[in-house]
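A.B. asks: heads up, no residue letters with this:
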């Protein structure tokens with residue numbers, strides 16, 4: 001089903017926004033060459049707040065800047081994705097890939113006065129592995145941490161992990177005070193070595209998280225004396241706050257909000273960090289036997305008019321794709337972007353060949369995404385003879401439900417990581433987005449090469465895994481949506497490659 005221009009107009013019209021008055025910002029004005037190097041306050045709109053400040057419970061995506069405020073990582077990622085020293089000054093793998101050695105800075109203190117050293121690294125890694133946090137599998141390959149001296153940490157691996165340096169730039173690399181890690185208070189009061197400290201007296205659960213400068217910070221002084229993360233789950237609320245000056249920067253989920261932001265003179269630099277599409281979990285037909293037939297999975301892919309969905313839901317702000325691997329990864333293959341080109345006649349033929357012309361699918365629906373996406377996919381499937389039954393998830397149910405494998409198929413927007421992380425995230429038997437733990441001999445062989453091979457072999461294996469995902473229709477990516485991140489005239493912002501929102505380090509007063 002193609003979506004009409006009238007439907008496009010209606011989708012945009014629903015984004016009509018009422019104005020909101022609020023107090024002005026604290027950053028310097030734009031275009032002022034004499035602007036000071038620091039500003040009193042940066043206000044960022046946040047979609048969510050941490051459920052715990054325990055670094056073992058740290059998550060990525062929208063939560064990254066909050067954890068970066070209070071915790072330093074062992075390694076830092078620049079906006080372009082390249083790695084640079086942070087708490088570690090040097091790092092290297094052994095020739096067999098089973099040892100990773102870090103050289104650490106000395107004379108660094110946590111905000112409780114405790115010393116950062118190799119013992120702190122050991123304590124944090126072991127705590128992270130036991131904490132069962134949302135990113136808990138990130139450090140699974142580490143079997144032991146040795147501390148030959150205060151400024152050397154040696155990580156012993158049970159199997160090569162080519163992405164380990166990258167992992168240590170985010171959730172797996174946050175370093176908290178060892179004494180605080182074992183205290184119940186760590187859930188509500190972070191104790192790190194980061195550029196800011198939580199201002200508990202000005203923090204309101206569910207509304208605002210206030211940070212004040214860590215005056216004893218060892219590293220480069222960030223340009224804001226205070227940072228506020230204002231928790232706003234609604235796109236309209238964030239847009240009103242940004243337009244009125246209550247916020248300096250915010251992310252929007254919907255393209256219609258981005259259009260309103262542009263019309264209001266706000267700034268952005270569109271980029272993509274992930275893909276939107278379907279995950280077919282039940283590839284062995286445990287819940288829906290017909291899904292074990294690759295022809296049925298291919299029919300589901302070919303029946304979806306992805307271009308019309310991109311045009312309506314994202315207002316064309318994105319790139320069509322059929323592959324989960326991102327353009328900056330070694331597994332990316334340009335020709336696979338059009339592997340599942342819209343072809344309803346072919347979809348009907350495949351269903352007929354498979355003897356599944358009476359296929360029925362239960363499709364779970366989440367309020368997180370524009371309902372037009374679901375409506376369009378369901379109509380497309382019904383157009384080729386597939387009967388679809390809806391299941392409505394309640395607030396907060398979608399992610400846990402998918403990761404449990406409650407349904408045979410789901411819709412999600414996922415980040416595109418470097419090739420090995422991507423494979424570990426989607427394709428290994430224990431991958432979080434492989435809840436049925438499916439594996440095949442052919443894929444197992446490719447995964448082993450991607451993990452144990454030399455650089456050339458790993459890169460080729462990633463491409464082969466990408467092709468395998470396409471041929472077997474494990475996933476049905478539709479497009480890579482642009483991130484709708486906007487800011488006002490008071491700040492300058494650099495996007496962060498492979499991250500949903502910019503890192504905290506990427507903000508500065510306009511004019512500097």
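C.D. replies: Sure thing, it's come through. A quick note: this is a predicted structure, and the numbers were derived from the prediction, not measured.
A.B. asks: could you list the low-confidence segments of the chain?
C.D. replies: 1-37, 512 (pLDDT under 70).
A.B. asks: and the strands in the stretch 401-512 of the chain, which stretches?
C.D. replies: Assigned by DSSP state E, counting those that start in this stretch, the stretch 401-512 of the chain shows strands spanning 409-415, 475-481, 484-487, 491-493, 507-509.
A.B. asks: so which of those strands is nearest residue 282?
C.D. replies: Nearest of the strands of the stretch 401-512 of the chain to residue 282, taken as C-beta to C-beta: strand 409-415 at 6.9 Å. C-betas here are computed from N, CA, C, even on glycine.
A.B. asks: chain center to the closest one: distance?
C.D. replies: 11 Å (C-alpha atoms, centre = their mean, to the nearest Å).
A.B. asks: partner strands of that strand, with direction?
C.D. replies: Using DSSP bridges, the strands paired with strand 409-415 are strand 274-280 (antiparallel).
A.B. asks: tilt between the helix or strand following the partner strand and strand 475-481?
C.D. replies: Using DSSP states H and E, the next helix or strand after strand 274-280 towards the C-terminus is helix 294-302. Between helix 294-302 and strand 475-481, the angle comes out at 20 degrees (axes from the mean of the first three to the mean of the last three C-alpha atoms, to 10 degrees).
A.B. asks: buried ones in helix 294-302?
C.D. replies: 295-302 (16 or more other C-beta atoms under 10 Å).
A.B. asks: same deal with stretch 331-338?
C.D. replies: Going by 16+ other C-beta under 10 Å, stretch 331-338 has these buried residues: 331-333, 336-337.
A.B. asks: now stretch 98-113
C.D. replies: 98, 100-102, 104-105, 108, 110-111.
A.B. asks: ok, stretch 225-233 next?
C.D. replies: 225-232.
A.B. asks: quick one, what contacts the residue lying closest to residue 149 once chain neighbours are set aside?
C.D. replies: Take residue 149 and drop its neighbours on the chain: the residue closest to it by C-beta to C-beta, 6 or more residues apart in numbering is residue 118, 6.8 Å away. If you count contacts by C-beta atoms under 8 Å, 6 or more residues apart in numbering, residue 118 has them with 104, 147-153.
A.B. asks: list the contacts of the residue lying closest to residue 61 once chain neighbours are set aside.
C.D. replies: Distances taken as C-beta to C-beta, 6+ apart place residue 500 nearest to residue 61, at 4.4 Å, with adjacent residues excluded. Listed by C-beta under 8 Å, 6+ apart, the contact partners of residue 500 are 60-62, 64, 251, 273-274, 415, 483.
A.B. asks: switch the cut-off to 10 Å
C.D. replies: 47, 60-64, 251, 273-274, 413, 415, 483, 485 (C-beta atoms under 10 Å, 6 or more residues apart in numbering).
A.B. asks: and those, which is closest to residue 92?
C.D. replies: Distances from residue 92 to the contacts of residue 500, taken by C-beta to C-beta, are shortest for residue 60, at 24.7 Å.
A.B. asks: quick check: the residue nearest to residue 149 vs residue 56, distance?
C.D. replies: 19 Å (C-beta to C-beta, to the nearest Å).
A.B. asks: same check on residue 143?
C.D. replies: In terms of C-beta to C-beta, residue 143 sits 18 Å off from residue 56.
A.B. asks: give me the neighbour count for residue 461.
C.D. replies: Residue 461 has 24 neighbouring residues, counting by other C-beta atoms under 10 Å.
A.B. asks: so it versus residue 425, what's the distance?
C.D. replies: Residue 461 is 16 Å from residue 425, by C-beta to C-beta.
A.B. asks: got it, and residue 58?
C.D. replies: Where residue 425 is concerned, residue 58 sits at a distance of 16 Å (C-beta to C-beta).
A.B. asks: ok, those two, which is more surrounded?
C.D. replies: Neighbours were counted for residue 58 and for residue 425 using other C-beta under 10 Å; residue 58 has more, 29 against 20.
A.B. asks: more neighbours, residue 143 and residue 56?
C.D. replies: For residue 143 against residue 56, the residue with the higher neighbour count under other C-beta under 10 Å is residue 56, and the figures read 24 against 12.
A.B. asks: ok now do the nearest residue to the more buried one once chain neighbours are set aside, which residues does it touch?
C.D. replies: What sits nearest to residue 56 in space, not counting adjacent residues and going by C-beta to C-beta, 6+ apart, is residue 131, at 2.8 Å. Contact partners of residue 131, counting by C-beta under 10 Å, 6+ apart, are 52, 54-58, 181.
A.B. asks: residue 131 and residue 74: what is the separation?
C.D. replies: Taking C-beta to C-beta, one finds residue 131 at 17 Å from residue 74.
A.B. asks: residue closest to the middle of the protein?
C.D. replies: When C-alpha atoms, centre = their mean is applied to the chain, the residue found nearest the centroid is residue 61 (3.9 Å).
A.B. asks: contacting residues for that one?
C.D. replies: Taking C-beta under 10 Å, 6+ apart as the definition, contacts of residue 61 comprise 47-48, 134, 170-171, 251, 273-274, 415, 499-501.
A.B. asks: okay if I get the residues you listed as a markdown table plus distance to residue 241?
C.D. replies: Shown next, in a markdown table, are the contacts of residue 61 (distance: C-beta to C-beta, whole Å):
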| residue | distance to residue 241 |
| --- | --- |
| 47 | 13 |
| 48 | 16 |
| 134 | 27 |
| 170 | 27 |
| 171 | 28 |
| 251 | 12 |
| 273 | 23 |
| 274 | 25 |
| 415 | 26 |
| 499 | 22 |
| 500 | 19 |
| 501 | 16 |
